[in-house]
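A.B. asks: Need coordinates for the below:
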Amino acid sequence: LVATLSTGERIDLTLTAATFTAITETLVGKTLGPVKKALRDAKLTPVEIDGVVMVGGATRMPQIQKAVATFFGAPPLNNLDPDQVVALGAAIQANVLAGNRASEEDWLLLDVIPLSLGLETMGGLTEKIIPRNATIPIARAQEFTTFKDGQTAMAIHVVQGEREKVADCRSLARFELRGIPPMVAGAARIRVTFQVDADGLLAVSAREQTTGVEAAITVKPSYGLADTDIARMLQESQAHAVDDMEARALAEAQVDGERMVAATMSALDADGDLLAPGERVEIDAAMATVRRLIAGEDRHALHAAVSALNHATEEFAARRMDRSVSSALAGRSVDSLPQD
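C.D. replies: Predicted structure coming up:
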């Protein structure tokens, strides 16, 4: 090896094949990491792969060829120049997008989504709508609902990434759906659709199912996103997988607690007169415990507190149901009721 350093110093040394193999062994091993992950994402095993195309001049190294052959149980396909296959693939894909593929040609090139696309839900959580490595074009839809009574608008926050918390993902766009009919929490149905076209453009729409009111936005998920950013985001998601799942479980428990307290308060405002004096004290104490634990990080204690609140309101809920039925039947004869 002969080289000149930036300082002007000239390096001239002999490197044996054995030494070169030894110092690159760790790097060669690391290249199989993404290969294994790609197979897991595709739900395939090495023996199910028909052939492996090598990409990049470094894949000519004998130790890389050997590592691939050992992992897949067959030597890689070396009939293509590793320096040209990327350009060839890009040219073929461009030809497909231009509509120039002949009808008798049966090959298919698929582009994939490098990072999951989703939106923010209560508790600052990420709800993935289109998963990473899904082939494009693709469209996925999911229904959501309101969190508060009388809610007439919903903020839609579109995000990109693999983390469970929105704060750890990449924000793509925000828009708002207005004109939702005021209903009790959980009654409205909002259908959110994610659609990615062949050019990688993401169109997100939100439609309220009763009135048909709709809002939409279009964004380019790959804008400003380098390959190094994708690699970093994937590495971070793997490194924090366990912590992220725990954080998600806690946030979900906190949302459940907030929902239970809100529903209980609404019921007390409407039918508090149905309670005996001692019952109100018990329910208020149970709600105070839930509120206190929502601010903490013990999700198991929070689950127990929500269960205790639910138990404390069981008889109250039964009385409310009786009042509702009595009110609905008031002034009606048996003959006027619907017959099965």
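A.B. asks: domains for the chain, by residue range?
C.D. replies: Using automatic domain parsing, the domain parsing of the chain gives 14-109, 117-239, 242-328.
A.B. asks: as a whole number, average confidence for the longest one?
C.D. replies: Averaging pLDDT along domain 117-239 yields 92.
A.B. asks: and that domain, how far from the chain's centre?
C.D. replies: Here domain 117-239 is found 9 Å from its chain centre; the criterion is CA atoms, centre = their mean, to the nearest Å.
A.B. asks: Can you get me the start-to-end distance on it?
C.D. replies: From its first residue to its last, domain 117-239 covers 20 Å (CA to CA, to the nearest Å).
A.B. asks: Neighbours of the closest residue to Gly186 other than its chain neighbours, how many?
C.D. replies: What sits nearest to Gly186 in space, not counting adjacent residues and going by CB to CB, 6 or more residues apart in numbering, is Thr145, at 5.1 Å. Any C-beta I mention is one placed from the backbone N, CA and C, and that applies to glycine too. Using other CB atoms under 10 Å, Thr145 has 14 neighbouring residues.
A.B. asks: residue contacts, Thr145?
C.D. replies: Contacts for Thr145 (CB atoms under 8 Å, 6 or more residues apart in numbering) come out as Ala185, Gly186, Ala187, Ala188, Arg189, Ile190.
A.B. asks: would you turn the domains of the chain into a markdown table with distance to Leu1?
C.D. replies: Listed next are these as a markdown table, based on distance: least, CB to CB, whole Å:
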| stretch | distance to Leu1 |
| --- | --- |
| domain 14-109 | 6 |
| domain 117-239 | 28 |
| domain 242-328 | 44 |
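A.B. asks: Indicate which one of the ones you listed is closest to Val2.
C.D. replies: domain 14-109 (10.3 Å; CB to CB).
A.B. asks: What average pLDDT does that closest one get?
C.D. replies: Rounded mean pLDDT across domain 14-109 is 84.
A.B. asks: Could you report the neighbour count for the nearest residue to Ile49 once chain neighbours are set aside?
C.D. replies: Nearest residue to Ile49, sequence neighbours excluded (CB to CB, 6+ apart): Phe72, at 5.8 Å. Counted by other CB under 10 Å, the residues lying close to Phe72 total 19.
A.B. asks: got it, and the one 3 residues further on?
C.D. replies: By other CB under 10 Å, the residues close to Pro75 number 13.
A.B. asks: returning to what we had before: out of the contacts of Thr145, list just those in strands.
C.D. replies: Ile190 (DSSP state E).
A.B. asks: Can you tell me which of the contacts of Thr145 is nearest Leu275?
C.D. replies: Ala185 (21.8 Å).
A.B. asks: just checking, Lys95 touches Gly89?
C.D. replies: Heads up, residue 95 is Asn, not Lys. No - counting by CB atoms under 8 Å, Asn95 stays clear of Gly89, with 10.7 Å between them.
A.B. asks: just so I have it, where are all the helices in the stretch 151-300 of the chain?
C.D. replies: Counting by DSSP state H, counting those that start in this stretch, the stretch 151-300 of the chain has helices at residues 227-239, 241-271, 277-294, 299-312.
A.B. asks: What count of nearby residues applies to Ile113?
C.D. replies: Ile113: 20 neighbours (other CB under 10 Å).
A.B. asks: What separation do you get for the residue nearest to Gly186 and Leu15?
C.D. replies: Look at Thr145 and Leu15: by CB to CB, to the nearest Å, they are 65 Å apart.
A.B. asks: same question, Asp227
C.D. replies: 30 Å.
A.B. asks: Also Glu252?
C.D. replies: Using CB to CB, Glu252 is found at 56 Å from Leu15.
A.B. asks: More neighbours: which of these two?
C.D. replies: Taking other CB under 10 Å, Glu252 and Leu15 do not tie; Glu252 has more neighbours (16 against 9).
A.B. asks: The nearest residue to that one once chain neighbours are set aside: neighbouring residues, count only.
C.D. replies: In space, and not counting its chain neighbours, Glu252 is closest to Gly123: 6.4 Å by CB to CB, 6+ apart. Using other CB under 10 Å, Gly123 is surrounded by 17 other residues.
A.B. asks: which ones are touching Gly123?
C.D. replies: With contacts defined as CB under 8 Å, 6+ apart, Gly123 is in contact with Ala251, Glu252, Gln254, Val255.
A.B. asks: show me the contacts for Glu127.
C.D. replies: Listed by CB under 8 Å, 6+ apart, the contact set of Glu127 reads Gly118, Leu119, Glu120, Thr121, Gln142.
A.B. asks: Quick check: phi and psi at the spatially most central residue of the chain.
C.D. replies: The centre of the chain sits closest to Lys128, judged by CA atoms, centre = their mean, with a distance of 2.4 Å. For Lys128, the backbone dihedrals (degrees, to the nearest 10) come out as phi -80, psi 130.
A.B. asks: Good, we can wrap up now.
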